[in-house]
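1. Have a look; sequence and predicted model below, questions after that.
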Amino acid sequence: MTPPRHGAPLKLYVSASEVIIGGMLAQEDENGNERVIYYLSRVLNDVESRYSPIEKLCLPLYFFCLKLKYYLIPRNVYVISKFDVLKYMLSSPILHGRLGKWMLALTEFSLHFVPARAVKGQVLADFLVDHPCIDIDENLPSFVGLVPWKLYFDGSCHKSGVGIGILIISPSGEPNKFLFELNYSCSNNEAEYEALIMGLELLLERGVKNVEIFGDSQLVVHQVSLEYRCVSKNLRKYFNVATELLSKFDSVIVRHVPRELNQEANELAQIALRYKIKPSTLEKLVMEYGKSRNIKMLSSTPYYAQANRQVEAANKILIALIKKHIGRQPRNWHQTLNQVLWAYRNSPRGSTRTTLYKLVYGRDAVLPIDINLQSIRVARQDEIPVVDYWNSLHDELNELDDERLRALERVIRQKEIMSKSYNCRVKAKTFAVGDLV
C-alpha cells in the first residue's frame, strides 16, 4: 500500500454480500498504474443484516466515506461499483428514510459514480473475488434487479353502473385493494381502460418505477403492449392516456391472465356496483379492527371528533377550496385537487400562524412565484456556501420541535380566548336539592 498523492483523484471500490461489506481505496501513480491506499471490510451487525439488498449495497459507501473522511474530503472521489443503485443514490435530489440520511451525510464529499465494467485492471478483479457482491453474474445486466410492484385491474359494466376493481401488491407482498364506481355509462372495454389508468395513477402517486401489470381483457392488454393496433375512436383517448402513463415507469411488464387468476380484482369491481355500507356498520367494523390490533377506541365527546363536529370545523376551509376550484373544472378534478391541497398546505393557518409544510419540514416551501421573480430568498441562496447551507438545514430541523410547540401554544391561547368570550355570556344559576329543573 502507498500513501495518496496530493491533488490526484481517488478511486473507491465498494462491494457487499449478505453478511460482509468491503471497500478499497486506490489511486493512479504518475505512470497510470493503480496503487492501493487502504483496504477495509467488516461484518454486518444484527440490525444491518436485516437491511434490504439496496441498503446493503449503499451501506459500504456511507461507512467507508465516514471512516476514510480525511482521505476523501480534499479530493474528487470516483465511486466504482457493479450496480447502478449507487448512481441513483448520488444523483437523486430527494431520498427518504435511511438512504436519505446517508445521502445527507455524504454531501460534504465530492463523489462521482463510475460503472465497474468501464474500469479495467487486475486490482478490480482481485477485489471482487475477495468481496463477492450480491448475486453477481456475468450474464446479468449491470443494475440492481428490483422486485416490481404488481397491479391487477378489472372493470365491470352493468345496467346498474360501472365498477372498477384494483389490486396493488407491494414488493414486500402487502396487498392494497381499491374499488370505485363511475357515475357515467361506458362500454366494458372502456371500463377496463379506466381501471388500468386509475391503477397506474395510484402507482405513480406512490413513486413506483417498476410494475408488472395483470389483466383479463385480451384487447386492452394486447393494445397497451402494442401487439394490437387501437383502431376504435372511443378507445383511442383511453389508449393515449394509458401509454403516456406507462412511459413514466422505468420498467413495465404487461401480462394477460385468465379471469380466475384475476378473481380478486373482478370481485372488487362487482362490489363497487352494489356495496353500500351504513355508518353504523362502518363504525362497527372500525371498532372490531381496533380491537384486533389492541387499539383502544375512545368514543367520548372530547376525543370523538365525528360526534362533536370538530372534523367539519377543521376541514371547512379545505372543503370550501375544493368546491370552489373543482366546481369550475369537474372533469380535471384529479389535476386540480393536487393544486388545491398544495395551496392549503402552504398557506399560513390563523390558529398556528404558520404553514403545515413548515411544521413538517422545518422551513417554508419555495413557491413558483419566488423563482420567477427571483425573490431575496432565492437570490441569496446561491451565495451561501454549501457547508453553511447544509448547516442551516440541520439547525432548522433541530428547531422544528420548538416551532411545533409554539404553534401548539398559539392554538391553546386561541381556544382560551374563544372559551372566555363564550363563557362571559353564560348566566350562572344555582339549584337546591328538590328544585325542579
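-> Yep, that arrived.
2. Can you give me the distance of the closest residue in space to Arg229 that isn't next to it in sequence to His256?
-> Once its chain neighbours are removed from consideration, Arg229 has its nearest residue in Gln223; the separation is 7.6 Å (Cβ to Cβ, 6 or more residues apart in numbering). Using the backbone N, CA and C atoms, a C-beta is placed for each residue, glycine as well. In this structure, Gln223 lies at 11 Å from His256, with Cβ to Cβ, to the nearest Å as the measure.
3. and those two? which has more neighbours close in?
-> Gln223 (24 against 18; other Cβ atoms under 10 Å).
4. next structured bit after the strand or helix carrying that one?
-> Using DSSP states H and E, Gln223 sits within helix 218-224. Read in the C-terminal direction, the helix or strand following helix 218-224 is helix 233-246, with elements assigned using DSSP H and E.
5. what's the angle from the next helix or strand along the chain from that next one to helix 233-246?
-> Following helix 233-246 in sequence order, the next helix or strand is strand 251-256 (DSSP H and E). For strand 251-256 against helix 233-246, the angle by axes from the mean of the first three to the mean of the last three Cα atoms, to 10 degrees is 140 degrees.
6. Give me the packing partners of strand 251-256, helices and strands only.
-> strand 210-215, helix 218-224 (3 or more Cβ pairs under 8 Å, 6 or more residues apart in numbering; DSSP states H and E).
7. Tell me the strands beside that strand, with direction?
-> Paired with strand 251-256 in the same sheet, following DSSP bridges, are strand 210-215 (parallel).
8. Save the helices and strands packed on strand 251-256 as TSV, and put in mean pLDDT and distance to Thr336 too.
-> Conversion of the helices and strands packed on strand 251-256 to TSV gives the following (pLDDT from 0 to 100; distance: least, Cβ to Cβ, whole Å):
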stretch	mean pLDDT	distance to Thr336
strand 210-215	90	26
helix 218-224	89	27
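9. Adding distance to Ser351, write these out as a markdown table.
-> Putting the helices and strands packed on strand 251-256 into a markdown table (distance: least, Cβ to Cβ, whole Å) gives the following:
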| stretch | distance to Ser351 |
| --- | --- |
| strand 210-215 | 42 |
| helix 218-224 | 48 |
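10. Looking at those, which is nearest to Ala365?
-> Of all the helices and strands packed on strand 251-256, it is strand 210-215 that lies closest to Ala365, at 29.2 Å by Cβ to Cβ.
11. what residues does that closest one touch?
-> Residues external to strand 210-215 that are found in contact with it (Cβ atoms under 8 Å, 6 or more residues apart in numbering): 146-154, 192, 195-196, 199-200, 203, 221, 224, 249-257, 261-262.
12. Also stretch 251-261?
-> Identification of contacts with stretch 251-261 by Cβ under 8 Å, 6+ apart yields 146, 148, 209-218, 221-222, 224-225, 246, 266.
13. Buried among these? Make that a PyMOL selection.
-> Here the buried members of the contacts of stretch 251-261 are turned into a PyMOL selection, burial being counted by 16 or more other Cβ atoms under 10 Å:
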select buried, resi 148+210+211+212+213+214+215+216+217+221+224+246+266
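14. quick one, strands of this protein?
-> If DSSP state E is used as the criterion, the strands of the chain fall at 10-16, 20-28, 34-43, 76-81, 110-115, 149-158, 161-169, 175-182, 210-215, 251-256.
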